[in-house]
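Engineer: Quick one, structure for this:
(chains A and B)
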Amino acid sequence: MKRMMRVTSLLTLALFVGAGCTADAAPPASPYPAPAIGKAAPEFKAVDTNGKAHSLSQYRGKWVVLEWLNYDCPYVKKHYNSSTMQALQKKYVDKGVVWLAIVSSAKGKQGNYPPDEMNALTKEKGASPTAVLLDEAGTVGGMYDARTTPHMFVINPQGTLMYMGGIDDKPTARAADLQGARPHVDIALQEAMAGKPVSVPTSQPYGCNVKY
Amino acid sequence: MNTPRLPDLEIRPTPFHLRAVAAALVLVAATFAASAEVVSTPHVKAELLLEKPSIAPGESFDVALRLEMKEGWHTYWKHPGDSGEPTDLTWSLPPGFTAGAIQWPYPQKISLAPLTTYGYEGEVMLLVPFKAASDAKPGTTARVTADAYWMVCEKVCIPEEAKLALDVPIGAAPAAPTGPAAAAFASTRAKLPAATTGWNVAASQDAKHLVLRIDPPQGVTLGGDVQFFAATGPLIEYSAPQTASVEGDVVTLRLVRSPYLTGTPERIKGVLLAANGAAGGAPAAFELDVPFSAAAAAAPGVTAAAEPAAVPPTLLVALALAFAGGVILNLMPCVFPVVSLKILAFVQSSGDDPRRVRAHGLTFAAGVLVACWILAALLLALRAAGEEIGWGFQLQSPGFVAAMAFLLFGLGLSLAGVVEIGTSLTRLGGGSSSGYRSSFMNGALATVVATPCTAPFMGAALGYAMTQSAATSMLIFTALGAGMAAPYVALSAWPALLRFLPRPGVWMVRFRQLTAFPLFATVAWLAWVFGHQTGIDGVLRLLLGLTLLALGLWIWGQWVTLSAAERTKWVARTAGIGFIAAGLVLAATSAPTATAAPTATADEGIAWEVYSEAKVAEQRAAGRPVFIDFTAAWCLTCKVNERIAFTSDEVQQLVKTRNIAMLKADWTTKDPAITRALAGFGRSGVPLYVLYEADPAAQPRLLPEILSPGILMNAFSEVK
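Structural biologist: Here you go, the predicted model:
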């Protein structure tokens, strides 16, 4: 019996190996479940440019906006040089919304700055996010499948994802295209905070690729 | 005739030979007439080109924007994919001239993990159709200018702008294309996607995919090497692999949905590139624009309208279902032989230290779990590799079936006593390391043989697992394994239960021999499955192979004994292994027969027709209710259902009076179309029973996996 079981184990092993050979190496799948509208937004922890730790759960009870940021990206510049991003930040931070700008640029890649330089840039641009989070390892970026800068997420006080996608519907880097664009994030926040369903809960994110 | 103006070419007083060179240059430029003013930006060289030396008044012609990117940099197609932006031109034209939209040659996929974009590296020509003013004066030149804008990216992206100009010489009559630019124009035109009038393209979707069924007209063979570039977004996940399956000339392309796409897209627009689609195996691109609504009603999978029918269970429910399914698996005919093996081991170890028994229970559980994980990992790897598979898929391979028959027949022979195992038998539960190993392997074996039995509950849970991330799938499989192992862990944790078992004695040997028969029965069933795959000749080879296995084991049992001389043992071992190997080769080399698809069968007194997407569409279009039986020869649950439920007179009567089209989708051997259809209903295995009402707008109804005549009668009598 023992010997038989050994034969069995060899055979079983051979079967698995044999079956395994027919499969090509699988591409590495994202280790995180994809974020989805109406589902809980992924919980994350990150440290901001002032060394302060932030987590999504600490903002339960508040509306949260996540903005993927790379100050050197032309698409980000489009929204900062025209001051539309700053205006949007101010409008909602004044209403008590937590606005987290997240920089997922890896060390040495475009958009990655040391904390003090990042603070200086934020000040110079007149931006007023609640905090600028540093995500050099791309962990938070991976959790949210952040693809572009900018890439926007709106999370309600219960931690549910209400909007994800582009900042507006004109996927260009030209400031002229701000005219007549539908400001997806602004409208989503207005609707959601008024308790209405978000009319456009997802849109194609556009911009530079996140420099992971 | 005027010579076109040359860019920044100042002719200063110079020595004669230089002047001659300059003059020659002017002549050359005049010959090609494409008076290019090359503008260089930091990353791109850009110019506007003509292919003809002159254009006649009123003539339609093309102007090309030629972009030459710095090495490693790229510009974008009309839809850029995950990031980027298409090149844009704003024209200033002389009176009477008109310019159309950019004609984009098909792009290439440019991947920068995790993103994929559509664009051009090296150089590209973007063609713009023009019409000259009908009152243009021959002998003059018309100057067109463009504000060009493009996003050029390597790892970083730079928006660039250029003012471009082109002088168009007006001739009296249309001229023929000449010069090097003409060749470039021609090769660019070959890359423009062709129209697809007369093509039959249908779009459908499931929870995770958009599916294009592409049936080109006669004379076009796409082949399997195709890829789709979406022209709008959000539509597809650009970086996801696209799987194409080819049946005759029909190509079915599965595209992963973009997570940013909600609901049903109105149309699927884009370009299909067939790497060998043109005559002579050259690449060919085709413009696709498929409306969704018309195809949705005819598609067999869960289409937009039918989506609610396949709402996946939440993770917790799926885990609970998987656990329950695992427990029930123990009662399934395919696991039963191994259950008896395990009971035997428990009986033998009942006199032992309870801790040891508990350890055996846990080891068995570990075996079950590890095997589940390996199966799950295999399934995930295969799925990722684009294989169209589902639960029980191993049994679609005749080689696997033959190997399983060998394994179980050999085990049966050893239990029946052909191979002397008297000494090791007592050791099995005795706590040696090998005893634990056998417990572990028993667990693994139980899992492997359980796969063909998609127990009730388990179907939905597995279907759910297949549509989820790798981590979730692993969790589901873990719950399944835990459920399967639970009874044994419980039995070993409370040895009191074991005390009810009788004391060891001669009955044990008989019991052991008795347990051989369920194994032989399983082998008989496997031979039947093998017969479905390889035909009657294959069965003969398998049975002869099993005979050789028996001979080899018998030799082993007779002469590889403790008392035998080393030389005898060596010869016996070699001969035994030789026979077994020969048997295995004989059986495993049986060629699978291409099963001639029967057009109809009359099993169970019902006129079954063979399932196909087209058949479903045709029957529904004819206003008939449609019932689909997804089944396979190796699926015992399916066979039991068919014998019990469909043989009922009342059911057969209802099928006739309600005029239900009965379709059978046989998954015994690999069939991508059926796998896709299953996935469309959120399943990865059989059985599956689907009922469509006559109303073409009605959603399909899924019946339970365990059928009774009552269930069928209820379902069929509600059909309108």
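Engineer: which element is B:Val290 on?
Structural biologist: Using DSSP states H and E, B:Val290 maps to strand B:284-291.
Engineer: likewise B:Leu316?
Structural biologist: Following DSSP H and E, the helix or strand that holds B:Leu316 is helix B:315-329.
Engineer: Show me what the mean pLDDT comes to for that helix.
Structural biologist: Averaged across helix B:315-329, pLDDT comes to 76.
Engineer: counting contacts, what elements does that helix pack onto?
Structural biologist: helix B:458-466, helix B:470-493 (3 or more CB pairs under 8 Å, 6 or more residues apart in numbering or on different chains; DSSP states H and E). Any C-beta I mention is one placed from the backbone N, CA and C, and that applies to glycine too.
Engineer: make it 10 Å
Structural biologist: If contacts are counted by 3 or more CB pairs under 10 Å, 6 or more residues apart in numbering or on different chains; DSSP states H and E, helix B:315-329 sits against helix B:354-384, helix B:433-450, helix B:458-466, helix B:470-493.
Engineer: Could I get the buried residue list for that helix?
Structural biologist: Using 16 or more other CB atoms under 10 Å in any protein chain shown as the test for burial, helix B:315-329 gives B:315, B:318-329.
Engineer: now, of the helices and strands packed on helix B:315-329, which is deepest in the fold?
Structural biologist: Among the helices and strands packed on helix B:315-329, ranked by average contacts under mean count of other CB atoms under 10 Å in any protein chain shown, first place goes to helix B:458-466 (a mean of 26).
Engineer: What average pLDDT does that one get?
Structural biologist: Model confidence over helix B:458-466, given as mean pLDDT, is 58.
Engineer: and what of stretch A:164-176?
Structural biologist: Averaging pLDDT along stretch A:164-176 yields 91.
Engineer: at contact distance from chain B, anything in it?
Structural biologist: Yes. Using CB under 10 Å from any CB of the partner chain, we find that stretch A:164-176 touches chain B at A:164-166, A:171-174.
Engineer: Inside strands: which ones of the residues you listed?
Structural biologist: Per DSSP state E, strands hold the following members of those: A:164-165.
Engineer: Redo the residues of stretch A:164-176 next to chain B as TSV? Include distance to B:Pro42 and neighbour count.
Structural biologist: Shown next, in TSV, are the residues of stretch A:164-176 next to chain B (distance: CB to CB, whole Å; neighbours: other CB atoms under 10 Å in any protein chain shown):
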residue	distance to B:Pro42	neighbour count
A:Met164	34	28
A:Gly165	31	26
A:Gly166	28	27
A:Pro171	23	23
A:Thr172	20	20
A:Ala173	16	23
A:Arg174	18	16
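Engineer: Tell me which residue lies nearest the centroid of chain A.
Structural biologist: Computing the C-alpha centroid of chain A and ranking residues by CA atoms, centre = their mean puts A:Ala146 first, at 4.0 Å.
Engineer: Please, which helix or strand holds that one?
Structural biologist: Judged by DSSP H and E, A:Ala146 forms part of no helix or strand.
Engineer: show me the residues around it that make contact.
Structural biologist: Going by CB atoms under 10 Å, 6 or more residues apart in numbering or on different chains, A:Ala146 touches A:35, A:66-68, A:102, A:104, A:135, A:138, A:140, A:152-153, A:164, A:205, A:209-210, A:212, B:114.
Engineer: Quick check: phi and psi at it.
Structural biologist: phi -70, psi 130 (degrees, to the nearest 10).
Engineer: Please apply the same query to the one 4 residues further on.
Structural biologist: Main-chain dihedrals, A:Pro150, degrees, to the nearest 10: phi -80, psi 160.
Engineer: what's the burial count for the nearest residue to A:Tyr71 once chain neighbours are set aside?
Structural biologist: Spatial nearest neighbour of A:Tyr71, excluding adjacent residues (CB to CB, 6 or more residues apart in numbering or on different chains): A:Leu121 at 5.3 Å. The local packing of A:Leu121 (other CB atoms under 10 Å in any protein chain shown) involves 18 other residues.
Engineer: Tell me how far B:Glu705 lies from chain A.
Structural biologist: Counting by CB to the nearest CB, to the nearest Å, the gap from B:Glu705 to chain A is 26 Å.
Engineer: same question, B:Ser414
Structural biologist: 4 Å.
Engineer: still on that earlier bit, among the contacts of A:Ala146, which lie within strands?
Structural biologist: Here DSSP E is the test, and the contacts of A:Ala146 give A:66-68, A:102, A:152-153, A:164, A:209 as lying in strands.
Engineer: Looking at these, which has the smallest pLDDT value?
Structural biologist: Minimum pLDDT for those is recorded at A:Asn209 (90).
Engineer: in chain B, which helix has the most residues?
Structural biologist: Ranked by residue count under DSSP state H, the longest helix found in chain B is helix B:506-559.
Engineer: and that helix, how far out from the chain's middle?
Structural biologist: Relative to its chain's centre, helix B:506-559 lies at 35 Å (CA atoms, centre = their mean, to the nearest Å).
Engineer: which helices and strands sit right next to it?
Structural biologist: With 3+ CB pairs under 10 Å, 6+ apart as the test, helix B:506-559 has helix A:2-21, helix B:336-349, helix B:398-416, helix B:422-428, helix B:433-450, helix B:566-588, helix B:636-645 packed against it.
Engineer: ok so, going back, just the closest of the ones in strands among the contacts of A:Ala146 to chain B, please.
Structural biologist: Lowest distance from chain B to the ones in strands among the contacts of A:Ala146 (CB to the nearest CB) belongs to A:Asn209, with 4.5 Å.
Engineer: Can you verify my assumption that the closest one contacts B:Cys153?
Structural biologist: Yes. Assessed by CB atoms under 10 Å, A:Asn209 is found in contact with B:Cys153 at 8.0 Å.
Engineer: Find residues that contact each of these two.
Structural biologist: What both A:Asn209 and B:Cys153 touch, as defined by CB under 10 Å, 6+ apart, is the set B:83-84, B:112, B:117.
Engineer: The closest residue to B:Glu266 other than its chain neighbours: neighbouring residues, count only.
Structural biologist: Spatially, and ignoring its direct neighbours in sequence, B:Glu266 is nearest to B:Phe292 (5.9 Å; CB to CB, 6+ apart). Using other CB under 10 Å, B:Phe292 is surrounded by 19 other residues.
Engineer: hang on, the earlier thing: how much space between the residue nearest to the centre of chain A and B:Ala175?
Structural biologist: 53 Å (CB to CB, to the nearest Å).
Engineer: what are the ranges of the helices in the stretch 101-250 of chain B?
Structural biologist: Using DSSP state H, counting those that start in this stretch, the helices of the stretch 101-250 of chain B run over B:179-189.
Engineer: which parts of it sit against chain A?
Structural biologist: Counting by CB under 10 Å from any CB, the positions of the stretch 101-250 of chain B adjacent to chain A are B:112-117, B:149, B:151, B:153, B:155-161, B:232-235, B:237-241.
Engineer: Local confidence estimate at A:His151?
Structural biologist: For A:His151, the pLDDT comes out at 96.
Engineer: For it, give me its contacts.
Structural biologist: Here A:His151 is in contact with A:66-69, A:102, A:104, A:141, A:144-145, A:164-167, A:205-207, A:209-210, B:83 (criterion: CB under 10 Å, 6+ apart).
Engineer: List phi and psi for it.
Structural biologist: The phi/psi pair for A:His151 (degrees, to the nearest 10) reads phi -140, psi 130.
Engineer: Then the one 4 residues further on?
Structural biologist: In this entry, A:Ile155 is assigned phi and psi values of phi -120, psi 130 (degrees, to the nearest 10).
Engineer: Please apply the same query to B:Trp199.
Structural biologist: phi -90, psi 150.
Engineer: quick one on the thing from earlier: between the shared contacts of A:Asn209 and B:Cys153, which sits nearest B:Arg355?
Structural biologist: Nearest to B:Arg355, judged by CB to CB, of these is B:Leu112 at 56.8 Å.
Engineer: on that earlier part again, which one of the shared contacts of A:Asn209 and B:Cys153 has the most neighbours?
Structural biologist: That'd be B:Gly84 among the shared contacts of A:Asn209 and B:Cys153, by other CB under 10 Å, with 29 neighbours.
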